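S.K.: Fold the following, please.
(chains A, B and C)
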Amino acid sequence: MDLLSGLNSAQRQAVTAGNGPVLVLAGPGSGKTRVLTHRAAYLVGHVAVPPYRIMAVTFTNKAAREMRGRIETVLGGSLRGLTIGTFHSICARLLRREAAHLPVTSDFVIFDESDQVALAKQALRDLDLDEKQYRPQSMLNAISKAKNELITPEAFRAETYFAEIAGRVYARYQALLHENNALDFDDLLMGIVMLFDDHPDVLAKYQQQYEHILVDEFQDTNTAQYAMLRQLAAVNRNLFAVGDVDQAIYRWRGADYRNVHRFQDDHPDALTVLLEQNYRSTQTILDAAMAVIDRNPNRTRKSLFTERGHGERLTVYEAYNEDEEAQFVVETIATLTMQDGLSPGECAVMYRTNAQSRAVEDAFIRAGLPYRLVGATRFYARREIKDLLAYLRLVHNPADSVSLARVLNVPPRGIGPKTIEALQACAAANGVPMGDILRGLGQEPPAEVQLAVTGKALKALADFGRQLNYWHTARAELSVVQLMDVILDQIGYHNYLNDGTDEGLDRWDNVVELRGVAAESPDAHLTGFLEEVSLVSDVDNLAEDGQAPTLLTLHAAKGLEFPVVFILGLDDGILPHQRSFDDPEQMAEERRLMYVGLTRAKDRLYLLRAFRRTQYGESDVSQPSRFLEDIPDHLVAGHTPRRTGRKANVASAYARATTWDGGSKPAAAQPVVLRFRTGQRVNHSSFGEGIVIESKASGGDEIVSIAFEAVGLKRLAASMANLELLEG
DNA sequence: ATAAAGTGACTTTTT
DNA sequence: GTCACTTTAT
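M.R.: Okay, here's the model as predicted:
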């Protein structure tokens, strides 16, 4: 039947597999999504499995959306009842349904990273721990790691002093989450596994319902996710997993590609299908990618092949610095567009770290060309978006004290830290959330509370409480958009953002954009809207019809493909990243990251590096990436001198730089007159007297290092610090 | 209660 | 260099 007609034999074998566990090891571009969607369609269309008995799990909403669409296309009908979504969204849905067994109610909110930090800080304060000494972020890392490994606060075992502290913070943090009627991302996964463990009847219900479970990107599952899959598939044993250990790049997030091997150990009878034929790249690109990945130890070799022919050889280019590296990208894209009739949207620029995007953005801006940037400051992490969402979450769940603390004085309404402290104390004394105290104050007549706050501040609190009450009541009859408008209007948010700067205008645009998100689903209720926005990521919003080149990290590039790919920063220390040098496991992951990048390209691949690179404000000479050395010479064309002398490179780079932009370079060469010299005595208004150790120009300012008698060595910007030159 | 100055961190970040 | 955050000065 035509459902199978477009598949090669390996793909067909996987799609039509009978009952029992199936593991599909799919190389890049081998049609793994195709296999997954056709498998689902096959089950529904051929085996007559009702859609509601299938669960398909992905890691991103985008992947889930696409899969649903593609299954529907193959089947030519809608798939009502099919459970398809990310691990997190599916878990959230199930947890809400089974909330009776949870420490939170069914309308719990999901705390994101910054909420988590706020809560971790609170936990540290509650335990009288110094947040300088125990950084909230490292506490959260430990907590997240524990949750991914399904370790509860009670089961948390401390071997070290740090872990002992982390364990205590974990317990307090968890209690705070529940007080806020909130769960974090990791709780969604661990919560499900615990729920299933503690309530076999609940588990049995879902085990029966889900006759088939399909999983994408299986190499990226963590312990909790794997445990959940095992639980659900324990009875029917129809677990269909697709993955590629060579594309495992999320170890640092708790993912463990060894789950692929575990799957084979746990299911000795599993049908394993290897997909090696590539439908994306030229053979040259595949050969380069294999040359890189084959150096990783302990892996089963895959022989990727294509029928697309050899295509063009790769271009390796060594630029003088990151600006020239970016310039090369812009120029090359311009040339390809004009000479080869390529659309700029078919090009992607990939890099290891977000910081690298700046030079590229600058180059595009200088050339007056548009680009699309994925990631960086994520939309939902922006201050204005978080503010507005915090308001909505507070209206939805007055117990959410993290959101309350965020918006209590935003925009400023005369509620300072003293007042907040008093409110917190009052809430703690009465054992109720701060939101309830506020709403009590906003009642007519105000509720009686013991609150150490004076007239003006008290009025501010009561006013805010009144607004909160109003919104809380109004939320039932207003749409999300209407509620947003009411809140924005009443708090004067537009006015607050509009501070006359361009940034203020941008921020308001973002607010309008969020309003647009809400307007897209006018019938959605507040709960649904909040859940949707708390589970989205940036890649989810990457439009398909882009006319401009895409700038993104290698991590964000996974799962995507582009006719032309530029990989930047092939320097030792960047890719592979410095932090992976002393850990072979991490180094192997860097190599996989490179592999992922290489295999995104369909036709052309450009590998770039810079001889000199400015990082953290310091310019340093760098060595070529060791991965670059692994690519055989015969796959490379247009090799700029790489192992030849550095001087020639520098000279040619300068020559190019001058011919390209006759003087339009950014004002890096602004002369700075140095006022201070080593050995001079100076006086600073607060640090007192000291001796100048060093003075140099940097970033258009004079940076002076001074050894102060009272406070030791400091680095100050001469234009900022009020330095007085003393005699001597 | 804000604004300016100083400090310190800084890889990636599917949800 | 840039961001977030804290301390200090107004």
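S.K.: Where in chain A is the helix or strand with the lowest mean pLDDT?
M.R.: Taking mean pLDDT, DSSP states H and E as the measure, helix A:646-660 is the helix or strand of chain A with the lowest mean score, a mean of 31.
S.K.: Show the subsequent helix or strand relative to it.
M.R.: Sequence-wise, the next helix or strand downstream of helix A:646-660 (DSSP states H and E) is strand A:681-684.
S.K.: now that following strand: mean pLDDT?
M.R.: Summarised as a single mean, pLDDT over strand A:681-684 is 78.
S.K.: is DNA strand C contacted by it?
M.R.: No - residues of strand A:681-684 are not located near DNA strand C by C-beta under 7 Å from any atom of the strand, the shortest gap being 10.4 Å. C-beta here means a position set from N, CA and C on the backbone, and glycine is covered the same way.
S.K.: now for that strand, which elements pack on it?
M.R.: On a contact count with 3 or more C-beta pairs under 8 Å, 6 or more residues apart in numbering; DSSP states H and E, strand A:681-684 meets strand A:688-698, strand A:701-708, strand A:723-725.
S.K.: In which helix or strand does the closest residue to A:A548 other than its chain neighbours reside?
M.R.: Among residues not flanking A:A548 along the chain, A:P370 sits closest, at 4.1 Å (C-beta to C-beta, 6 or more residues apart in numbering). Assignment of secondary structure by DSSP H and E places A:P370 within no helix or strand.
S.K.: ok, now how distant is A:P370 from DNA strand C?
M.R.: Between A:P370 and DNA strand C the distance, using C-beta to the nearest atom of the strand, to the nearest Å, works out to 20 Å.
S.K.: Return the residues in contact with that residue.
M.R.: A:P344, A:F364, A:Q547, A:A548 (C-beta atoms under 8 Å, 6 or more residues apart in numbering).
S.K.: likewise A:L593?
M.R.: Listed by C-beta under 8 Å, 6+ apart, the contact partners of A:L593 are A:I249, A:R352, A:L554, A:H555, A:L575.
S.K.: Return the closest of the residues you listed with respect to DNA strand C.
M.R.: Set against DNA strand C, the nearest of these by C-beta to the nearest atom of the strand is A:R352 (15.2 Å).
S.K.: what's around the closest one, how many residues?
M.R.: As a burial measure, A:R352 scores 24 neighbours (other C-beta atoms under 10 Å).
S.K.: Surely it is in contact with A:T553?
M.R.: Yes - using C-beta atoms under 8 Å, A:R352 is in contact with A:T553, at 7.0 Å.
S.K.: out of the contacts of A:P370, what pair is the most spread apart?
M.R.: Taking C-beta to C-beta as the measure, the contacts of A:P370 reach their widest spread between A:F364 and A:Q547, a distance of 13.3 Å.
S.K.: For DNA strand B, give me its nearest residue in the stretch 151-300 of chain A.
M.R.: Using C-beta to the nearest atom of the strand, the closest approach of the stretch 151-300 of chain A to DNA strand B is made by A:Y250 at 2.9 Å.
S.K.: What's the separation between that residue and A:A425?
M.R.: Taking C-beta to C-beta, to the nearest Å as the measure, A:Y250 and A:A425 are separated by 42 Å.
S.K.: Between these two, which is the more surrounded one?
M.R.: For the pair A:Y250 and A:A425, the greater number of neighbours falls to A:Y250 (19 against 13), based on other C-beta under 10 Å.
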